[in-house]
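# Generate coordinates for the sequence data below:
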Amino acid sequence: MNYHIVHKLPFKIFLIQYIAMEINYNELSYCSQASFQNIPDSVYCHGAYYKKLECGHPYCTECFAIEFRKIFQEFLTALNDSNIEELSCKSFGINCPNEDCNNKYCCPFIIFKSIALEMLGTWEYKEIFCEHYSLMFEGIKMRFVHCKNCKYAFGYIGDNAKCIYCGQWN
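You can find the predicted model right below:
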């Protein structure tokens, strides 16, 4: 079994089992298309052949990137509107982009971090923001509250309710 450390809290380390895809994520778009055509479990999407997920849908990097942009924008809107109910209840995992798919596979956030940074623009703290909320997009639930000090909505895991904006413990 492969594990990677996904988040460190004081005195706690969370380990999440992950399943490595058989194809390197960075090279997925640039693999020899001739070799993919001969693989029985490959699917054609957006002008290229991709490996099938367990659900039968393609692991198309373009489809996943489009879906991530949509999910990340929904998250930013809910956070900006301080919609704590939506933030706490909705799953923001990066799953199969096909509607009505029940595949439990979830992509690691690091694959889409550059898109998230691009969407956050020139904000000074975008790296810290992405690091803090990356687990939400890997399927880990966070609790959201309004900070007692600065009144902004923020998320946390476990008992670590420290506002990422002002540093106040809540």
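
# all strands of the protein, in order?
For the chain, applying DSSP state E gives strands covering 3-9, 12-17, 42-45, 48-51, 143-146, 153-156.

# what residues are up against the closest residue to residue 126 other than its chain neighbours?
Nearest residue to residue 126, sequence neighbours excluded (C-beta to C-beta, 6 or more residues apart in numbering): residue 120, at 3.9 Å. Using the backbone N, CA and C atoms, a C-beta is placed for each residue, glycine as well. Counting by C-beta atoms under 8 Å, 6 or more residues apart in numbering, residue 120 touches 126, 129-130.

# Regarding this structure, what is its longest helix?
Looking across the chain with DSSP state H, the single longest helix is helix 61-80.

# how far does it sit from the chain's center?
Taking C-alpha atoms, centre = their mean, to the nearest Å, one finds helix 61-80 lying 9 Å from the centre of the chain it belongs to.

# cool, stretch 51-69 as well?
Centroid separation between stretch 51-69 and its chain, computed with C-alpha atoms, centre = their mean, is 13 Å.

# Buried residues in that stretch, which are they?
Neighbour counts over stretch 51-69 (16 or more other C-beta atoms under 10 Å) mark 51, 53, 57-61, 63-65, 67-68 as buried.

# Residue 67 and residue 129, how far apart?
Plainly put, residue 67 is 20 Å away from residue 129 if you go by C-beta to C-beta, to the nearest Å.

# Ok, residue 145 next?
Look at residue 145 and residue 129: by C-beta to C-beta, they are 17 Å apart.

# ditto for residue 98
Residue 98 is 29 Å from residue 129, by C-beta to C-beta.

# Which one's more surrounded, those two?
Neighbour totals were compared for residue 98 and residue 129, and residue 129 leads with 18 against 15 (other C-beta atoms under 10 Å).

# For that one, which non-adjacent residue is closest in space?
residue 120 (6.5 Å).

# How about residue 101?
Counting by C-beta to C-beta, 6+ apart, the residue nearest residue 101 is residue 55, at 5.2 Å.

# shouldn't residue 66 be in contact with residue 98?
No: between residue 66 and residue 98 there is no contact under C-beta atoms under 8 Å: 11.6 Å.

# Pull up the per-residue confidence for the residue nearest the centre of the chain.
The residue lying closest to the centre of the chain (C-alpha atoms, centre = their mean) is residue 137, at 2.7 Å. For residue 137, the pLDDT comes out at 92.

# That one: what's it in contact with?
Residue 137 is in contact with 68, 71-72, 75, 92-94, 109, 112, counting by C-beta under 8 Å, 6+ apart.
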